[in-house]
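**Q** from the sequence below, what's the structure:
(2 chains)
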2 protein chains.
Amino acid sequence: MATMPDETAVFGEPKYWQLRTSLLKAIDEDFNSGDILPNERDLAARFGVARATLRHALEQLELEGRLVRKRGAGTTVAGPRVDVSLGADGEGWPGVDLRDREVIDCATVPVTEEFADTLKGRPSALVHRLRRRQFSMRQVVGLECLYVSRAVVPSLSTRVPNFERASLMLRQLRGHRLEGRHRAVELAVAEAEEARYLERPPGTAVLVVTTTYTALGRTAAVTVATYRADTCRLAFAEAGPTALRPAS
Amino acid sequence: MATMPDETAVFGEPKYWQLRTSLLKAIDEDFNSGDILPNERDLAARFGVARATLRHALEQLELEGRLVRKRGAGTTVAGPRVDVSLGADGEGWPGVDLRDREVIDCATVPVTEEFADTLKGRPSALVHRLRRRQFSMRQVVGLECLYVSRAVVPSLSTRVPNFERASLMLRQLRGHRLEGRHRAVELAVAEAEEARYLERPPGTAVLVVTTTYTALGRTAAVTVATYRADTCRLAFAEAGPTALRPAS
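**A** Numbering: from 1, shown residues only, chains lettered A, B, ... in the order given. Below you'll find the model as predicted:
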């Protein structure tokens, strides 16, 4: 079997990976965030590698959040990641009306197959959906989709603008005591529409945080928040004393 | 400026992405998990694309955890992701001695530059480090590094095997009341050594969970757990009633 370029046995280090490690060292030692790297031709010549290998290494460093590549603008060194706070008392709570959020839309829509079970609805059942974009330092960092069961908020007023409708829905949601939060974090890639809102190309790596909230034992709301994996770090602050359990 | 293959304007859909979406549909409709896909030459011909475009799409689906590619064994359809529980009462706690963990080593080592500040030590200061691999259904899912301050566990016995030394250290740690947990989740890629323990090639996408524990106001321990992003979903179960705060 012919050896493909850029690949070696499972435990070896592919060529692009060795290059990535050399580039990372150069970035750390010789560049500051915001600096522009030399162009691909010059970089490939400097490190004595093929353009394809160089691009593979640059893509890897982009995934790691160390480089930002923009067509026409070249490759720049990324700044540190943004901490997105998902603590229990502040951000990430469905009822909280926050600055740094931009309402995209707020409407009653058919529940997607993905959430039909969770929201205890048939696939054709309706739920309220609020979509917001989250910003940090004027940069878009995430897209937040909040699904609210009609058992909790029976209907939305349709005669007011999106922003006002969202505020009214959040106010109704705040009237409920939500319990039994369950949260999952996983890696995904942005589909075309999400990617557009995140101002990135489709296929960009994202961290998806799915949070389920219950009220009186039934699922009341689900939040699906999608954060850019290259620029965000999710921070869960959990204060208060917590004793260790003895090992079983 | 010449258009590169596989790329279009920021808001367009690159060719590899269209192919990825077609492949995903085919996988969902015509294949079950564990099934082997046709070889690259046949797939490229079937979809009428270049091999480079096909590989780009397959790499994307591997990152998404939908395909598993192994040299020599071809490309298979992945099973569902494994839920890794990081709840407060069970797994993920430094003092807990769990099944499904394999001790790699337990030793007193110089604190890395990365944790020098957190562990309040000078870069040359020593900390105890326990490294374990975590399994689920006999598959390795994560690598867990627990750093323990010598203010909490003064010394390790060196005359016993790694496994016993680890148990003794965890027992001492359980004697302390840990507080003020802070946890961060971010995307990274596995460096060569981590990759080896995770049985993946270097550069594999991983979710890194860093948790800081304090005792009496000082950092007592830090856990850095690295999970395979293609196969794991991190689950944070947070039980108990939680009232929504009024918006400020």
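
**Q** please enumerate the helices of chain A.
**A** With DSSP state H, the ranges of helices along chain A come out as A:15-30, A:40-47, A:51-63, A:113-116, A:162-174, A:192-197.

**Q** now check the shortest one, is it near chain B?
**A** No: with Cβ under 8 Å from any Cβ of the partner chain as the measure, helix A:113-116 is seen stopping short of chain B, the closest distance being 11.5 Å. Just so you know, the C-beta spots here come from the backbone N, C-alpha and C atoms, and that holds for glycine as well.

**Q** tell me the buried residues in that helix?
**A** Neighbour counts using 16 or more other Cβ atoms under 10 Å in any protein chain shown place A:115-116 of helix A:113-116 among the buried residues.

**Q** quick one, which of the helices of chain A is nearest to residue B:73?
**A** Set against residue B:73 and scored by Cβ to Cβ, those come closest in helix A:15-30, at 21.2 Å.

**Q** tell me what that closest one is packed against?
**A** Under the contact criterion of 3 or more Cβ pairs under 8 Å, 6 or more residues apart in numbering or on different chains; DSSP states H and E, helix A:15-30 touches helix A:40-47, helix A:51-63.

**Q** so is the shortest one next to chain B?
**A** Looking back up the chat, that one is helix A:40-47. No: residues of helix A:40-47 are not located near chain B by Cβ under 8 Å from any Cβ, the shortest gap being 9.9 Å.

**Q** so for that helix, mean pLDDT?
**A** For helix A:40-47, mean pLDDT rounds to 92.

**Q** buried sites along it?
**A** Buried, per 16+ other Cβ under 10 Å, within helix A:40-47: A:40, A:43-44.

**Q** then stretch A:208-216?
**A** Applying 16+ other Cβ under 10 Å to stretch A:208-216 flags A:208-215 as buried.

**Q** hmm, back to that, closest one of the buried residues of helix A:40-47 to residue A:149?
**A** Using Cβ to Cβ, the buried residues of helix A:40-47 come closest to residue A:149 at residue A:40, 50.8 Å.

**Q** so the closest one touches residue A:54, yeah?
**A** Yes: Residue A:40 lies in contact with residue A:54 (Cβ atoms under 8 Å); the separation is 5.8 Å.

**Q** domain map for chain A?
**A** According to automatic domain parsing, chain A comprises the domains A:7-77, A:82-235.

**Q** for the buried residues of helix A:40-47, which one is nearest chain B?
**A** Nearest to chain B out of the buried residues of helix A:40-47 is residue A:40 (Cβ to the nearest Cβ; 9.9 Å).

**Q** the strands in chain A, which residues?
**A** A:67-70, A:74-77, A:82-85, A:101-110, A:126-136, A:139-148, A:179-189, A:205-215, A:218-228, A:232-241 (DSSP state E).

**Q** poorly predicted segments of chain A, please.
**A** A:1-12, A:87-98, A:120-124, A:180, A:237-248 (pLDDT under 70).

**Q** for the residue nearest the centre of chain A, name its beta-bridge partners.
**A** Residue closest to the mean C-alpha point of chain A, counted by Cα atoms, centre = their mean, is residue A:227 at 1.4 Å. Applying DSSP bridges to residue A:227 yields these beta-bridge partners: residue A:142, residue A:207.

**Q** ok, it touching residue A:204?
**A** No: judged on Cβ under 8 Å, residue A:227 makes no contact with residue A:204 at a distance of 10.8 Å.

**Q** I figured residue A:104 hits residue A:133, correct?
**A** Yes: under the criterion of Cβ under 8 Å, residue A:104 makes contact with residue A:133 at 6.2 Å.
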